[in-house]
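Enquirer: Structure of the sequence below:
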Amino acid sequence: MSEATLRTIALSVRNWGTWGPDDEIGTLNYITPATIAAACRLATSGRVFALGIPLQREGPQSGTRQRFNPIHAMFRDGGDQPKNAAEVASLQGYGGSDDWIVMPLQCVTQWDSLAHVFYEGRMWNGYDASLVSSTGAAKNSIDKTKDKIAGRGVLLDVARMKGVRALEPGYAITADDLDATAAAQKVEVQRGDLLLIRTGHMSRYLDRGDWRDFDLDDSPGVSVHTAPWMHAKQIAAVASDNYAVEVRPSELPPFRSPFHICAIPNMGLTLGEIFHLEELAADCAADGRYAFLLVAPPLPVTRGVGTPINPYAVK
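Expert: Prediction:
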């Protein structure tokens with residue numbers, strides 16, 4: 001029954017061919033110059049909220065599925081400054097510093113590309129999964145979205161609507177919850193919106209100052225049954241403050257991520273994970289404005305299937 005249910009939902013939201021046989025950005029097509037210009041007019045106070053978590057070794061990854069936290073190190077520092085005339089001459093008169101970072105591209109606040117998840121051997125728009133090889137994604141790579149993810153952001157603070165700091169682990173957010181939150185906040189979800197959903201789950205780890213088990217614990221998140229709602233609303237992308245946008249544990253075992261299956265390869269919906277929404281949510285509650293300019297460009301990683309980001313919500 002789980003497989004039949006998943007297939008029914010997946011096919012009901014499938015957008016293959018909607019933007020032609022060669023499309024590689026899916027629902028980001030809903031963002032237009034007009035929607036971007038309208039979103040820019042929402043930035044009236046100049047307040048900027050950074051939604052990315054720090055890139056550091058103390059982070060949300062436990063090493064499961066080969067994902068580890070960013071490793072930062074120096075390869076040139078203050079100890080390497082020139083110490084005599086010959087060194088000054090050889091280094092053109094100055095010292096300096098340089099560093100590097102090693103990290104999986106989906107270990108912090110990030111976007112999934114449309115090459116990230118396959119269903120029945122296919123990815124978004126019907127491309128064969130074999131087009132993602134050891135050299136990366138020949139189709140649907142993240143760099144195809146390098147100038148696409150900016151527009152009207154809308155925060156739906158479901159936890160606040162429910163009167164709690166954080167939804168309970170395992171709570172599946174329904175379409176009715178999303179509608180009720182929008183009504184309570186007096187905001188309308190529109191075509192082309194970049195939708196941010198706050199569960200409050202991240203606040204548990206921020207409060208205790210310890211990310212341990214963030215990627216393993218059960219968490220609140222959207223139900224797989226919200227996929228038709230998002231399809232009907234024609235949103236451009238959705239992101240949340242939990243690990244996977246969707247609820248954990250899975251509603252349709254043995255599938256680990258049924259919402260991902262419906263959203264990415266079938267709907268062509270870009271997903272954002274591990275978004276830091278606490279400061280933005282507090283400000284929205286204070287001024288009653290839950291719509292804003294959201295600028296969240298990916299790193300243009302050629303043939304990449306995900307990218308770390310530091311999105312800006314501008315009010």
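Enquirer: all contacts plus neighbour counts: C-alpha atoms, from now on.
Expert: OK.
Enquirer: any low-confidence regions in the stretch 1-150 of the chain?
Expert: Under the criterion of pLDDT under 70, the regions of the stretch 1-150 of the chain flagged as low confidence span 93.
Enquirer: so where do the strands sit in the stretch 101-250 of the chain?
Expert: Secondary structure of the stretch 101-250 of the chain by DSSP state E, counting those that start in this stretch: the strands cover 110-112, 132-133, 136-137, 150-157, 172-173, 194-198, 221-222, 237-240.
Enquirer: can you tell which of those is closest to Asn310?
Expert: Nearest to Asn310 among the strands of the stretch 101-250 of the chain is strand 110-112; the distance by CA to CA comes to 8.0 Å.
Enquirer: what's the closest of the strands of the stretch 101-250 of the chain to Val187?
Expert: Of all the strands of the stretch 101-250 of the chain, it is strand 150-157 that lies closest to Val187, at 7.9 Å by CA to CA.
Enquirer: Tell me who's in contact with the one residue sitting closest to the centre of the chain.
Expert: For the chain, the residue lying nearest the average C-alpha position, counting by CA atoms, centre = their mean, turns out to be Gly272 (1.1 Å). For Gly272, the set of contacting residues under the criterion of CA atoms under 8 Å, 6 or more residues apart in numbering consists of 109-112, 237-240, 245.
Enquirer: circling back to that earlier point, Throw the strands of the stretch 101-250 of the chain into JSON lines and include distance to Pro104, thanks.
Expert: Converted to JSON lines, the strands of the stretch 101-250 of the chain look like this (distance: least, CA to CA, whole Å):
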{"stretch": "strand 110-112", "distance to Pro104": "11"}
{"stretch": "strand 132-133", "distance to Pro104": "17"}
{"stretch": "strand 136-137", "distance to Pro104": "14"}
{"stretch": "strand 150-157", "distance to Pro104": "24"}
{"stretch": "strand 172-173", "distance to Pro104": "28"}
{"stretch": "strand 194-198", "distance to Pro104": "23"}
{"stretch": "strand 221-222", "distance to Pro104": "23"}
{"stretch": "strand 237-240", "distance to Pro104": "19"}
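Enquirer: which one of the ones you listed lies closest to Tyr119?
Expert: Going by CA to CA, the one of the strands of the stretch 101-250 of the chain nearest Tyr119 is strand 132-133, 13.3 Å.
Enquirer: mind checking the SS state of Leu294?
Expert: With DSSP: H, G, I helix; E, B strand; the rest coil as the basis, the three-state label of Leu294 is strand.
Enquirer: Just grab the bridge partners of it for me.
Expert: Gly151, Ala313 (DSSP bridges).
Enquirer: where's it relative to Pro220, distance?
Expert: Note on Leu294: its distance to Pro220, by CA to CA, to the nearest Å, is 24 Å.
Enquirer: How about Ala180?
Expert: For Ala180 relative to Pro220 (CA to CA), the value is 17 Å.
Enquirer: between those two, which one's more packed in?
Expert: The residue with the greater number of neighbours, taking Ala180 and Pro220 and applying other CA atoms under 10 Å, is Pro220; the counts read 28 against 16.
Enquirer: so who does the more buried one touch?
Expert: With contacts defined as CA under 8 Å, 6+ apart, Pro220 is in contact with 167-173, 199, 201, 242, 246-248.
Enquirer: which of the residues you listed lies closest to Val102?
Expert: Looking across the contacts of Pro220 and measuring by CA to CA, the closest to Val102 is Asn242, at 22.9 Å.
Enquirer: Glu120: neighbour count?
Expert: When neighbours are counted by other CA under 10 Å, Glu120 registers 10.
Enquirer: wait, I meant Gly121
Expert: Gly121 is surrounded by 12 other residues when neighbours are defined as other CA under 10 Å.
Enquirer: can you check Ala282 too?
Expert: Taking other CA under 10 Å as the criterion, the count of residues near Ala282 is 13.
Enquirer: for Lys315, same thing?
Expert: By the criterion of other CA under 10 Å, Lys315 has 23 neighbours.
Enquirer: again with Val301
Expert: Here the count is done by other CA under 10 Å, and Val301 has 16 residues near it.
Enquirer: Secondary structure element for Pro298, which one?
Expert: With elements taken from DSSP states H and E, nothing contains Pro298; it lies in neither a helix nor a strand.
Enquirer: could you list every residue that touches the closest residue to Met103 other than its chain neighbours?
Expert: The spatially closest residue to Met103, leaving aside those adjacent along the chain, is Pro70, at 4.5 Å (CA to CA, 6 or more residues apart in numbering). Residues in contact with Pro70 (CA under 8 Å, 6+ apart) are 55-57, 59, 101-104, 107.
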